[in-house]
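Student: predicted coordinates and the sequence they were generated for:
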Number of protein chains: 2
Amino acid sequence: MNNGKFAISLHILVLLDKAKGELLSSEYMAGSININPVLVRKELINLRKKGFVASKEGKNGGATLAKPAEEITLGALYESVRQSHLLGSQKNEPNPSCTVGKHINSHLNDLYDETEQILISQLNKQTLADFSHRFT
Amino acid sequence: MNNGKFAISLHILVLLDKAKGELLSSEYMAGSININPVLVRKELINLRKKGFVASKEGKNGGATLAKPAEEITLGALYESVRQSHLLGSQKNEPNPSCTVGKHINSHLNDLYDETEQILISQLNKQTLADFSHRFT
DNA sequence: CATTCTGTAATATTAATTATTACAGTACAA
DNA sequence: TTGTACTGTAATAATTAATATTACAGAATG
């Protein structure tokens, strides 16, 4: 489905939760995740768009959670980072002169959608707060 | 998690199911999927190893299902093509001097494992026969 | 107004996926 | 017994996706 974005985003959110409202810089978070700060800022764009975090520009700026960790479900996070389909991308262009080839993509998409819904509802059972509490 | 392998493998299996025991060549299947025949043969290696298909070499050779489509669940197929983790690969090496960085990978793996189990059991509700019947 | 941040674009690097070429070996069938 | 049509598999190339880097304008602080 997706890439390391879910892991990176969740890592960011846990750090912000642990920071208890204190602003964290992208550089600091990048140091914990061990990736480039620009990648953190890019993920923040997305997280901000979804209303999970807020940023403050300028000196002593940084990011913080924009809503309580109890109100951010992992399913919502999954949906926010998901870009392609769960079980495989529908980039194949099967032969339309073959009955199977002609319909496989729509059947695959149905299957993926059904399955993804289950996955999301499973992830929705857990909030950022729950996940964050796994850390001592 | 994984790539287009799930889609390719499922496409192959549906073709074989529809062929009702008749041997299909990798070239023929590649034509329906619209990919290179070598990729089909590579997927067949895996499907054979899992006991889903059998191949016959030589002239007029090809592949066929090795067990009834009713006995191949999509969950088993998923497990057979899965190679990396569902929600993202654990290739990050977070900073171990940070509490969050130090433990995030093991917590992520726990989460992924839990979630993947749900996904597999969901996919297990459907067999190749069920999926194949979606095609007229 | 120097400093420390964010936001964002542009580009480079690396890794993963997919495709291609090549050929040995197997089975059939004339 | 030999040509043909396949599989099996390795080696390599090409393409695409993911990640990293560099660069710099603009915002807020002190």
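Tutor: It's in. None of these values were measured; they are calculated from a predicted model.

Student: switch to C-alpha atoms for all contacts and neighbour counts from now on
Tutor: OK.

Student: which residues in chain A form strands?
Tutor: A:53-56, A:62-65 (DSSP state E).

Student: can you say which of those strands is nearest to DNA strand C?
Tutor: Taking C-alpha to the nearest atom of the strand, strand A:62-65 is the member of the strands of chain A nearest to DNA strand C, at 3.6 Å.

Student: how about residues contacting the one helix or strand in chain A whose mean pLDDT sits lowest?
Tutor: Here the helix or strand of chain A ranked lowest by mean pLDDT, DSSP states H and E is helix A:99-123, holding a mean of 90. Residues outside helix A:99-123 that contact it (C-alpha atoms under 8 Å, 6 or more residues apart in numbering or on different chains) are A:73-76, A:78-79, A:85-87, A:90, A:94-96, B:7, B:11, B:14-15, B:32-33, B:115, B:118-119, B:122-123, B:134-135.

Student: can you rerun that using 6 Å?
Tutor: Here helix A:99-123 makes contact (C-alpha atoms under 6 Å, 6 or more residues apart in numbering or on different chains) with A:74, A:75, A:94, A:95, A:96, B:32.

Student: what's the neighbour count on residue A:36?
Tutor: 13 (other C-alpha atoms under 10 Å in any protein chain shown).

Student: tell me the pLDDT at residue A:55?
Tutor: Here, the pLDDT recorded for residue A:55 equals 97.

Student: and it, how far from residue B:101?
Tutor: 22 Å (C-alpha to C-alpha, to the nearest Å).

Student: quick one: the helices in chain A, in order.
Tutor: Secondary structure of chain A (DSSP state H): helices at A:5-18, A:26-33, A:37-49, A:74-81, A:99-123, A:128-133.

Student: how about the second one: buried residues?
Tutor: Same thing as helix A:26-33. Neighbour counts over helix A:26-33 (16 or more other C-alpha atoms under 10 Å in any protein chain shown) mark A:26, A:27, A:29, A:30, A:31, A:32, A:33 as buried.

Student: right, is it up against DNA strand D?
Tutor: No: shown here: helix A:26-33 not in contact with DNA strand D (C-alpha under 7 Å from any atom of the strand), separated by at least 8.9 Å.

Student: ok and that helix relative to helix A:5-18, angle-wise?
Tutor: 110 degrees (axes from the mean of the first three to the mean of the last three C-alpha atoms, to 10 degrees).

Student: quick check: angle from helix A:26-33 to helix B:99-123?
Tutor: In terms of direction (the same axes, to 10 degrees), helix A:26-33 departs from helix B:99-123 by 70 degrees.

Student: in PDB, list the C-alpha atoms belonging to helix A:26-33.
Tutor: Provided in PDB are the C-alpha atoms of helix A:26-33 (Å, rounded to 0.1, in the frame of the first residue of the first chain):
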ATOM      1  CA  SER A  26      11.600  19.300  12.500                       C
ATOM      2  CA  GLU A  27      15.300  19.000  13.100                       C
ATOM      3  CA  TYR A  28      14.800  17.600  16.600                       C
ATOM      4  CA  MET A  29      12.200  15.100  15.400                       C
ATOM      5  CA  ALA A  30      14.400  14.200  12.400                       C
ATOM      6  CA  GLY A  31      17.100  13.300  14.900                       C
ATOM      7  CA  SER A  32      14.900  10.900  16.700                       C
ATOM      8  CA  ILE A  33      13.600   9.300  13.600                       C
END
